[in-house]
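*Asks:* no sequence on this one, just coordinates:
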């Protein structure tokens, strides 16, 4: 799931400013900087629901700079430094705007450190677990990271991250990347350090701290020559840990499947963590947070597969703009179905697509809107049936249009070309067209940039004298007709075989004459559920 200002160095003594109002409505707007790395140190104070923070931001100037600004809201900033020298800063709306002390040129690498703290109202959740125990979990999507650390809160500005977390000694701390160190502090607490060198979306830069039991769910690539070993672990509340092995029994199988289908797993490890996230699951890079209810779930395979698929699409390859979120959610939704297709059989996968179709058609707002439109003011409104269910159907229909080999080759190439970067729909389209050898603008335009779906009525008649079946197809939805191949199967009375045919539909009304060996007994339209929308056989 995804989504920077520079003057004279002055010493600001005992200066602390706090913004009590709401965040800027558009955090992460275009700025003349490219953040390359965050080093975030937090000293948790669970009893008070607060923390002390120190974030170092390393960035490259994309233009001549005298000032820079970063998103941060609701916390007190004590000071900002560059190379140990205090900088002048001011709070503007939901940002920290600071003077860099000396002019920087385009291409210069800079580093500033912000000292701050307080009780965050969002983003970093100080909560009591369902079992009554204190916990702290970061929960950033879509643009809530700036509630607990200064950043460019835009998923298009991906950066590496290091997290240094001080917490009670009895707590386990999990974060993105690999664990670098854990050490006991003089006051009896401990500090845990996690770090990733891979650039990841800001909303996936997270940690979790609580009393957790850690279990082994397998590993990936440990036996393969030249491959690094990727451990897969689960982290659960002590009260639920007895079910961990059962709940996560297929986790390593899921990771291995996507690794072989798409390309190498992108991160240092994978942790699956029971947490207080407000979502059912959150695909944080290498540290997936699952809702607390996972501990009582009869099965979490679909949820786990969806969030694991995001490690490739959403995290490693991220949508460059919010309206293209289907590149994350639609991909994860469909790849979950592909996993079940290969692991548990076609009937289950087909039923999942039927369920997705029903969910989409039951959402009037989604049906009335294109998948790709304007950026909404409320980014959470993007969690809709267009980006999930219709997005999955777009991939399902694309696969049927170009064939399995081209489709999966395109996914592999898309991942390889845009790993650790961002992409838009036109980037994915270009790759599919090059792999397929044909222009597909019509496909992407009608399914992603136009609302709705085709409603198809089919009639047929039989002419015994000519041995021809006259099949008529009519699109009855409002708006222009869609273009798609429509498969149908013909069954014959007393026979144990069927005839399979297809008609290319592109007009409001189409017809096809089909030679048959005898009178048809039954005709089934779209037997393999390859086209989104209802097909009704009218007799």
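*Replies:* Yes, it's here. Small disclaimer: the values here were computed from a predicted structure and weren't measured. Numbering: from 1, shown residues only.
*Asks:* list the buried residues in stretch 108-119.
*Replies:* If you call a residue buried by 16 or more other Cβ atoms under 10 Å, then stretch 108-119 has these buried ones: 110, 112, 113, 114, 115, 116, 117, 118. Placement of C-beta: from N, CA and C, glycine included.
*Asks:* repeat that for stretch 455-475.
*Replies:* Buried, per 16+ other Cβ under 10 Å, within stretch 455-475: 455, 456, 457, 458, 460, 469, 471, 473, 474, 475.
*Asks:* quick one, helices of the stretch 201-350 of the chain?
*Replies:* Using DSSP state H, counting those that start in this stretch, the helices found in the stretch 201-350 of the chain span residues 244-247, 251-261, 301-310, 326-344, 346-361.
*Asks:* quick one on the thing from earlier: out of the buried residues of stretch 455-475, which sit inside strands?
*Replies:* Residues of these located in strands (DSSP state E): 456, 457, 458, 460, 469, 471, 473, 474, 475.
*Asks:* now these as a markdown table including distance to residue 58?
*Replies:* As requested, those are exported to a markdown table (distance: Cβ to Cβ, whole Å):
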| residue | distance to residue 58 |
| --- | --- |
| 456 | 55 |
| 457 | 61 |
| 458 | 61 |
| 460 | 67 |
| 469 | 69 |
| 471 | 64 |
| 473 | 59 |
| 474 | 61 |
| 475 | 55 |
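*Asks:* is the residue of the chain positioned farthest from its centre in a helix, a strand, or coil?
*Replies:* For the chain, the largest distance from the centre (Cα atoms, centre = their mean) belongs to residue 465, which lies 57.7 Å off. Taken by DSSP: H, G, I helix; E, B strand; the rest coil, the conformation at residue 465 corresponds to coil.
*Asks:* for residue 519, see how far away it is.
*Replies:* 12 Å (Cβ to Cβ, to the nearest Å).
*Asks:* buried set for stretch 508-520?
*Replies:* Here stretch 508-520 shows 510, 512, 514, 520 as buried, counting by 16+ other Cβ under 10 Å.
*Asks:* residue 174 touches residue 275, doesn't it?
*Replies:* No - judged on Cβ atoms under 8 Å, residue 174 makes no contact with residue 275 at a distance of 9.1 Å.
*Asks:* list residues touching both of the two?
*Replies:* Common neighbours of residue 174 and residue 275 (criterion: Cβ atoms under 8 Å, 6 or more residues apart in numbering): residue 208.
*Asks:* mind checking which of the two has more residues around it?
*Replies:* residue 275 (33 against 28; other Cβ atoms under 10 Å).
*Asks:* just give the nearest non-adjacent residue to the more buried one, would you?
*Replies:* residue 289 (4.0 Å; Cβ to Cβ, 6 or more residues apart in numbering).
*Asks:* with residue 144 instead?
*Replies:* residue 123 (4.1 Å).
*Asks:* on that earlier part again, and which of the ones in strands among the buried residues of stretch 455-475 is nearest to residue 59?
*Replies:* Checking these against residue 59 by Cβ to Cβ gives residue 475 as the nearest, at 51.9 Å.
*Asks:* what's the helix or strand for the nearest residue to that closest one once chain neighbours are set aside?
*Replies:* Among residues not flanking residue 475 along the chain, residue 481 sits closest, at 4.7 Å (Cβ to Cβ, 6+ apart). According to DSSP states H and E, residue 481 maps onto no helix or strand at all.
*Asks:* quick one: contacts for residue 481?
*Replies:* 454, 475, 505, 506, 507, 508.
*Asks:* of all these, which two lie farthest apart?
*Replies:* Spatially, the most separated pair among the contacts of residue 481 is 454 and 507, at 11.6 Å (Cβ to Cβ).
*Asks:* mutual contacts of the two, please.
*Replies:* With Cβ under 8 Å, 6+ apart, residue 454 and residue 507 have common neighbours 475, 481.
*Asks:* which of those two has more residues huddled nearby?
*Replies:* More crowded of residue 454 and residue 507, by other Cβ under 10 Å: residue 454, with 21 against 12.
*Asks:* next up, phi/psi of residue 51, please.
*Replies:* Main-chain dihedrals, residue 51, degrees, to the nearest 10: phi -160, psi 160.
*Asks:* would you mark the buried spots in stretch 365-384?
*Replies:* Under 16+ other Cβ under 10 Å, the buried positions of stretch 365-384 are 366, 367, 369, 370, 371, 372, 379, 382, 384.
*Asks:* could I get those residues as TSV with pLDDT, distance to residue 167 and secondary structure?
*Replies:* Compiled in TSV, those are given as follows (pLDDT from 0 to 100; distance: Cβ to Cβ, whole Å; DSSP: H, G, I helix; E, B strand; the rest coil):
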residue	pLDDT	distance to residue 167	secondary structure
366	98	42	helix
367	98	47	helix
369	98	44	coil
370	99	45	coil
371	99	41	coil
372	99	42	coil
379	97	30	helix
382	98	33	helix
384	98	36	coil
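*Asks:* among these, which two are most distant?
*Replies:* Largest separation among the buried residues of stretch 365-384 by Cβ to Cβ: 367 and 379, giving 20.9 Å.
*Asks:* this protein - how does it break down into domains?
*Replies:* What automatic domain parsing lists as the domains of the chain is 17-210, 219-315, 322-449, 456-537.
*Asks:* farthest pair within the buried residues of stretch 455-475?
*Replies:* Farthest apart among the buried residues of stretch 455-475 - using Cβ to Cβ - are 455 and 469, which lie 22.6 Å from each other.
*Asks:* quick one: low-confidence parts of this structure?
*Replies:* Applying pLDDT under 70 to the chain picks out residues 1-29.
*Asks:* distance check, residue 203 against residue 140.
*Replies:* Applying Cβ to Cβ to residue 203 and residue 140 gives a distance of 4 Å.
*Asks:* whoops, I mixed them up, residue 530
*Replies:* As judged by Cβ to Cβ, residue 530 and residue 140 stand 37 Å apart.
*Asks:* over to residue 499?
*Replies:* 55 Å.
*Asks:* neighbour count: the two, which is higher?
*Replies:* Between residue 499 and residue 140, residue 140 has the larger neighbour count (other Cβ under 10 Å), namely 29 against 18.
*Asks:* show me the contacts for the residue lying closest to residue 361 once chain neighbours are set aside.
*Replies:* The spatial neighbour of residue 361 that comes closest, neighbours along the chain excluded (Cβ to Cβ, 6+ apart), is residue 367 at 6.5 Å. Residue 367 sits next to 360, 361, 451, 452, 453 when contact means Cβ under 8 Å, 6+ apart.
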